[in-house]
Structures are given as C-alpha cells and as structure tokens.
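In: Using only what follows, build the 3D model:
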Amino acid sequence: MSCLSFAILSGEKNFVQNLCASSFHVVILATGSEYNHSSSLSHSVCGKSLNLIASSEIPCSFCDKGTHFDVIMNLRILSIQDIVNACAIETINVIIKDVGDSIFSILVDESCDVSMKEQMSIILRYVDNSRHANERLIGIEHITSTTALSLKAAIDKVFSRYNLSISRLRGQGYDGASNMQGKFNGLKTLILKESPCAFYIHCFVHQLQLALVAVAKKNIPITNFFRVVGNVINTVGASSKRCDLLREKQLDFIVEALEKCDILSGRGLNQETTLQRSGETRWSSYYNSLVSLLAIFSFVLDVLAVIVEDESCSCDRRSDATNLLELIRRFDFTFNLQLMRSVLGISNKLSKALQRKDQDIVNAMQLVRLCKR
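Out: Model prediction:
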C-alpha cells in the first residue's frame, strides 16, 4: 500500500500565516507510482473527489535509488479535517491488512467528550505474523444511546465497514457496567449469541481498583479521609490563580534549596508537581492522588492559608478553606495519609504489573498471592 505524504504549498512568503490559515493547499505525494505529464489522478478523501493533475516527475534523494515522486499541482483546497481523515483511513487500512484472516478480540469503552456527546472507542487485539500481541484503535464512534443494542449496532457498523467477521471474534473486554456485562441483555450477551467463542474478560486491573474502592468505603474514617482529600484538591485547584500560587510556592522552595545545596540539580530532578484527582474507575488514581498531596503538602497548607486571608474571596470559600486547614493539620489525617499511601502502594505495584503487555496469567496470580501476604 502506498504511503501518503502531505506538504504545504505556500503562495505567501510568511510561513506562519500559512499555518494559521483555516485551509491549506496540499500536495499528495504517492510513493511507488508513476504518472505521465498529461495524466490525471482521482483520489477520494472522505467522499470528496479531488482531480489531481500531475505536472512533472522529480527524483527524491532521500528515498531508495530509482524511487520517484510525482509532484501533483493545482489541487483543491483541503481542510485540516480532510487531511486527518485521509491519514486515518490509510492507518486503519494498514491495521486491517495486518490483522488479515486471523482471529482477534475487541476492547470497547464509552464516555462523553467535552461537547457532551457520547462516543465509543473500539480497539482490536490480535497476534500478528511475528507472534506479537498488538492493540490497535480502529475507531471512535458517535452513539446516540448507551444501551446494549445501540452499542452492538455501532460495533456491527464498524465490522461491516472494515470487512471484519464476528465469527473470528474470540474475546471481548469491557468495564463492569450493566449495559456492557449484563447477563441477559448486556453487550456481552448479545455478542455471545452470535459468536459463542467470544469469551468476556473483565480487566483484572479494573477489578482490583473497584475492589479497593469498595473496601475503602466500608471503613467510615477512611471514607471521611478521602472525602477531605477530594475537597482539598478541589479547593486548591479550583482556579488558575490558585494553581499558579501553588507553582510559585514550589519554585521558591526549589530555588532556595538549590542555593543552600539542600537538594541536587540535574536532568529530571525537581519537577513541578500538581495535585491529582482520584476516580473510582481510574487505575491507581487514589494512590497517585495521595502521593501528589504528600509531595507538596506544605505548599498546599500555604495556599489554603492565603485563601483564608484573601478578602476578595467569598465568606463561604474562606470558611471552607479554614475548615480544611484545621482538618489536614490533625494527627488522624496525616496518619491516614501515610497509612493509605503505604497500603495502596502495595496494590499499585500489582496494578502496574497487570497492565504489562508481556504479562501472563500464571505470573499474575503469583503476584496476587504475594500482595495478600
């Protein structure tokens, strides 16, 4: 399959202005093809026919000897979206060709984007001719509903588009939502009716995260602790002004410590740290949230103190900051912070190991037994 290369035809002297333009003149260079001076090439991008007229043939010094490119001029103006779609089509064609007639599995997840549109991502997992397991994204489909029937229809549409047979489907992986893994009407069940060999597997790391969250919620003090942590992160990161203040506190500390030779300088050292929010379905999110809070705990105290003294803030915000400042200074909060960081650190190692591409089930179960000890 020929590769597509894109170059910008500039009729202006100012290249920056051309980059900022809403549309571009594009040259499509097709490798391995030869066109006569009088010939024309018709190329379809996203349903739009482009009449490309070849003007001259020039050698390419950076390619293999004898390879020539046809410089195609006088193109219609293409938008950035056309270029992206063309690249996506070529990329997916390579993926489908790599899959060939082999069996494969699918990984599906759905979520809302920033414009509040429901979208579903579809990933193929397969073993290539070199016996390497690959995971490749083949599409993000807009869906009007998150019901199992709607998701199944979207998957069928993608399979039909790329000539993928559901009879070659051997596995399916989703999250734990009822519309996904429902026993009677879930997406898992609908696919199993058509392909009984498409076994469903709930991600081990996702199960581990859900188990940790469920256990943590059974303990009232720990539940209250994580609620305070969430409130602290939301309060400090509520505005760009507070985030900038947090960065300034870190920078002042690093500069002063470097001057006193209290810390080492070097590549990758003394990086800026931000507070990370936790989520029930994001792997290791609780652990990462606690680690980030511990790393800049003193700076968080300073920012909360500034909010308390800031008369421009509303009384409610100043009151919330005062309460949070008192809570996180208590012994039970700092004790729970260190305790949960250590406990979640153990499971975090297991979580990272389960995400490795070269991990096998036997080794994974051994790691689970080690964590239980």
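In: domain assignment for this protein?
Out: Listed domain ranges for the chain are 4-88, 102-202, 207-372 (source: automatic domain parsing).
In: Rounded mean pLDDT for the shortest one, please.
Out: In this case it means domain 4-88. For domain 4-88, the mean pLDDT works out to 44.
In: ditto for the last one
Out: Throughout domain 207-372, pLDDT has a mean value of 83.
In: centre of the chain versus that domain, how much separation?
Out: In this view, domain 207-372 has its centroid 21 Å away from the chain centroid, taken as CA atoms, centre = their mean, to the nearest Å.
In: Surely D302 and K249 touch.
Out: Yes. Using CB atoms under 8 Å, D302 is in contact with K249, at 5.3 Å. Every residue, glycine included, has its C-beta placed from N, CA and C.
In: Include mean neighbour count and distance to I96 when you put the domains of the chain into CSV, please.
Out: Compiled in CSV, the domains of the chain are given as follows (neighbours: other CB atoms under 10 Å; distance: least, CB to CB, whole Å):
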stretch, mean neighbour count, distance to I96
domain 4-88, 13, 12
domain 102-202, 15, 5
domain 207-372, 15, 21
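In: I'd like to know which of these is closest to I95.
Out: domain 102-202 (4.7 Å; CB to CB).
In: so how far is that closest one from its chain's centroid?
Out: On CA atoms, centre = their mean, the centre of domain 102-202 falls 17 Å from the chain's centre.
In: and the end-to-end length of it?
Out: 23 Å (CA to CA, to the nearest Å).
In: Run through the strands of the protein in chain order.
Out: 4-8, 23-24, 26-30, 40-45, 48-59, 68-73, 78-79, 104-112, 118-127, 133-142, 169-173, 199-200 (DSSP state E).
In: re the thing from before, output the domains of the chain as TSV; include the columns distance to V94.
Out: Shown next, in TSV, are the domains of the chain (distance: least, CB to CB, whole Å):
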stretch	distance to V94
domain 4-88	11
domain 102-202	9
domain 207-372	20
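In: Which helix runs longest in the chain?
Out: helix 331-354 (DSSP state H).
In: just checking, what packs against that helix?
Out: helix 204-218, helix 220-236, helix 285-295, helix 361-372 (3 or more CB pairs under 8 Å, 6 or more residues apart in numbering; DSSP states H and E).
In: Reformat these as JSON lines; add distance to C197.
Out: Below are the helices and strands packed on helix 331-354 laid out as JSON lines (distance: least, CB to CB, whole Å):
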{"stretch": "helix 204-218", "distance to C197": "21"}
{"stretch": "helix 220-236", "distance to C197": "42"}
{"stretch": "helix 285-295", "distance to C197": "34"}
{"stretch": "helix 361-372", "distance to C197": "18"}
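In: Ok, which of these comes nearest G345?
Out: Taking those one by one with CB to CB, helix 285-295 is closest: 6.3 Å.
In: Can you tell me, leaving aside adjacent residues, what's nearest to M340?
Out: The shortest distance from M340 to any non-neighbouring residue, by CB to CB, 6 or more residues apart in numbering, is to L290 (5.9 Å).
In: isn't that neighbour right next to S342, touching?
Out: No. Counting by CB under 8 Å, S342 is not a contact partner of L290; they are 9.6 Å apart.
In: List the residues that contact L169.
Out: I103, F104, S105, I106, I191, S195, C197, A198 (CB atoms under 8 Å, 6 or more residues apart in numbering).
In: Also L337?
Out: F225, V229, L290, L293, L294.
In: Of all the helices and strands packed on helix 331-354, which one comes closest to K260?
Out: Using CB to CB, these put helix 285-295 closest to K260, at 19.5 Å.
In: Would you mind stating the distance between the nearest residue to Y174 once chain neighbours are set aside and H206?
Out: Of all residues not flanking Y174 in the chain, M180 sits nearest, at 3.7 Å (CB to CB, 6+ apart). Separation of M180 from H206 (CB to CB, to the nearest Å) stands at 11 Å.
In: All set now, cheers.
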